[in-house]
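Q: I'll drop the sequence and a predicted model, then ask my questions.
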Amino acid sequence: MNNLFGSNLKYDLKASLVVFLVALPLCLGIAVASGAPPMSGLIAGIVGGIVIGSLSGSNVSVSGPAAGLTVIVLDSINSMGTLPLFLGTLVVAGLIQVVLGIAKAGVIGYYFPHSVIKGMLTAIGLILILKQIPHALGYDVDLMGDEAFLQTDNHNTFSEIWYAFKFYSFGAIPIVLIALGILIAFERPKLKHHKIFGVVPGALWAVISGIVINSAYGIWKPEWQLDGEHLVSIPVLENIGEISNLLTFPDFSMIGESTFWIVAMTIAIIGSLETLLSIDAADKLDPMKRTSPPSKELFAQGVGNTVSGLIGGLPITAVIVRSSANIATGAKTKLSAILHGVLLLILVLTIPTTLNLIPLSCLAAVLFVVGYKLAKPAIFLNIYKNGWDQFIPFIVTVVAILFTDLLVGIGIGMVFGLFFVVKTNFIRAVTLTEMNGNYLLQLQKDVSFLNKALLMKYLERIPDNSDLIINAQKAQFIDHDIQEVLNDFIASSTDKKISITIEGFNYNIHEKV
């Protein structure tokens, strides 16, 4: 394992830097949107990286505070009354996840259709692009971690963009354009693998350029300089002894009340679903096509949430935004996720003043690139080529997530996905083929009364004076209604001079006629 980490260290270290830059504003934004202190988001990011990263069986997924749980956390803190009481429910939620992992409940992750997972990834990519447009234009009223369509300020994704174009900040535009230019340039192999420039990932060069340009504004164009809400904002410690002041400890005094357990179960179940969806999606993005053990992931998430709750952090799940950034920048092993947590811990404590110089507009450029890689036009075309039974659930999932939130959109996509699965199995249960006037009627898998109309339609196609083979060797179940239809047809076949051969039946079907 050490050799594996060592040989991939240069890739994982680069990826961890990018994930750190992506995770930093998201941790802060999600915390504020959840009604919690900013430090709660950072604690969750650190625990998600170091603790869950170490225990996880996934090579490329990254865990941290989840945007999909923002509304639930906000409502839960309000219903519990205080943050410490909410943290008590989070500790219990983590223990529930540990039990689910031990019970191998992660297998539920295998039952999400491929088209729906693809739709989720594409929708997240589009959301990243749409949600970062205001930040790119310097309209930073909305929080960076808000991914839902309806926002806490009563605006939505599109109205926020409209206001951004009306109230943009001049200084943000050159920063985002130059950052995008750097990121696009670093997609070229010559620069990406350059002996000097390639040592530092493009995302870090983009951030450095943003800090330099904004500092230059202060000298040559003060009215363009970005400050306040336009920059990253991390709590600054006066000395190392103040760390304990940043921690909040859980309160279990309401553990005997139903509200406590309802909140704990809600966080455990919703968080587990989001995790299973995210690691499945991350596995599909992994260039090496490795498969993550879902139950082991639930166990790791449970331990992480328990630790996060004990020291004042938010609920944690595997998150696709950070995971996709991790994969897109070349991560090879889970060391990247661990290192991003270490970077959050060390850099937030040691250089918060420097980090607070980073404009959100240059971080928006980083997320633009991540979003584009998830939602390339080629993805839509490839899914379309796979047929309507794949494309419709895919596009419904994309639209539903865009206009609701992750879990609601996935639920709507699942309904359409399951419809097409049932439809496909329904059609394939009974097939009729013809060659040179000879007919083969095949019954496959489970043939129920739902297939009765289709069976009768096929039997009506068989002309007089023909030969028919009825084959049921692959059928595991044949409904009584189906047997009756076949018996009636066989009984009338003599008058139509249809020669019938029966193969593979163990049911009450007439013998060869």
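A: Good, I have the coordinates.

Q: in this protein, which helix has the most residues?
A: Of all the segments of type helix in the chain, defined by DSSP state H, the longest one is helix 258-285.

Q: what packs against that one?
A: Secondary-structure packing of helix 258-285 (3 or more Cβ pairs under 8 Å, 6 or more residues apart in numbering; DSSP states H and E): helix 70-80, helix 83-102, helix 114-136, helix 294-311, strand 316-319, helix 320-328, helix 406-428. The C-beta positions use only the backbone N, C-alpha and C, and glycine is treated the same way.

Q: quick one: average confidence on it?
A: Across helix 258-285, pLDDT averages out at 94.

Q: for whichever strand or helix holds residue 494, name the packing helices and strands.
A: Element membership for residue 494 (DSSP states H and E) is helix 480-496. Judged by 3+ Cβ pairs under 8 Å, 6+ apart, the packing partners of helix 480-496 are helix 452-461, strand 499-503.

Q: 10 Å instead, please
A: strand 438-447, helix 452-461, strand 467-478, strand 499-503 (3 or more Cβ pairs under 10 Å, 6 or more residues apart in numbering; DSSP states H and E).

Q: so the last one versus strand 438-447, what angle?
A: Using axes from the mean of the first three to the mean of the last three Cα atoms, to 10 degrees, the inter-axis angle of strand 499-503 relative to strand 438-447 is 40 degrees.

Q: try the longest one
A: Interaxial angle, strand 467-478 versus strand 438-447 (the same axes, to 10 degrees): 0 degrees.

Q: and strand 467-478, what does it pack against?
A: Looks like strand 467-478 contacts strand 430-435, strand 438-447, helix 480-496, strand 499-503 (3+ Cβ pairs under 10 Å, 6+ apart).

Q: any stretches of the chain with poor pLDDT?
A: Applying pLDDT under 70 to the chain flags residues 1-6, 152, 240-241, 424-427, 506-513.

Q: and if we set it to 50?
A: 1, 511-513 (pLDDT under 50).

Q: re earlier: got the buried residues for the helix holding residue 494?
A: Going by neighbour count (16 or more other Cβ atoms under 10 Å), the buried part of helix 480-496 is 482, 485, 486, 489, 490, 493.

Q: please identify the most buried of the helices and strands packed on helix 480-496.
A: Across the helices and strands packed on helix 480-496, averaging neighbours per residue (mean count of other Cβ atoms under 10 Å) puts strand 438-447 on top, at a mean of 18.

Q: ok, it: who's next to it in the sheet?
A: strand 430-435 (antiparallel), strand 467-478 (parallel) (DSSP bridges).

Q: right, and those strands - which one's nearest residue 149?
A: Residue 149 lies closest to strand 430-435 among the strands paired with strand 438-447, at 42.6 Å (Cβ to Cβ).

Q: quick check: buried residues in the closest one?
A: 430, 432.

Q: what does stretch 123-139 give?
A: Quick answer for stretch 123-139 (16+ other Cβ under 10 Å): 123-139.

Q: looking at the helices and strands packed on helix 258-285, which is nearest to residue 497?
A: Using Cβ to Cβ, the nearest of the helices and strands packed on helix 258-285 to residue 497 is helix 406-428, at 29.7 Å.

Q: which helices and strands sit right next to the closest one?
A: Checking 3+ Cβ pairs under 10 Å, 6+ apart, helix 406-428 ends up next to helix 114-136, helix 258-285, helix 388-403, strand 438-447.

Q: ok, now how distant is the nearest residue to residue 55 once chain neighbours are set aside from residue 308?
A: Closest residue in space to residue 55, ignoring its immediate chain neighbours: residue 300 at 3.7 Å, by Cβ to Cβ, 6 or more residues apart in numbering. Distance of residue 300 to residue 308, given as Cβ to Cβ, to the nearest Å: 12 Å.

Q: run through the residues that contact residue 172.
A: Listed by Cβ atoms under 10 Å, 6 or more residues apart in numbering, the contact set of residue 172 reads 134-140, 164, 210, 214, 224, 226, 230, 359-362, 364.

Q: next, give phi and psi for it.
A: Per-residue torsions, residue 172: phi -70, psi -30 (degrees, to the nearest 10).

Q: out of everything not next to it in sequence, what's closest to it?
A: Residue 172 sits nearest to residue 138 (Cβ to Cβ, 6+ apart), 2.9 Å away.

Q: so that neighbour is in which element?
A: Counting by DSSP H and E, residue 138 is part of no helix or strand.
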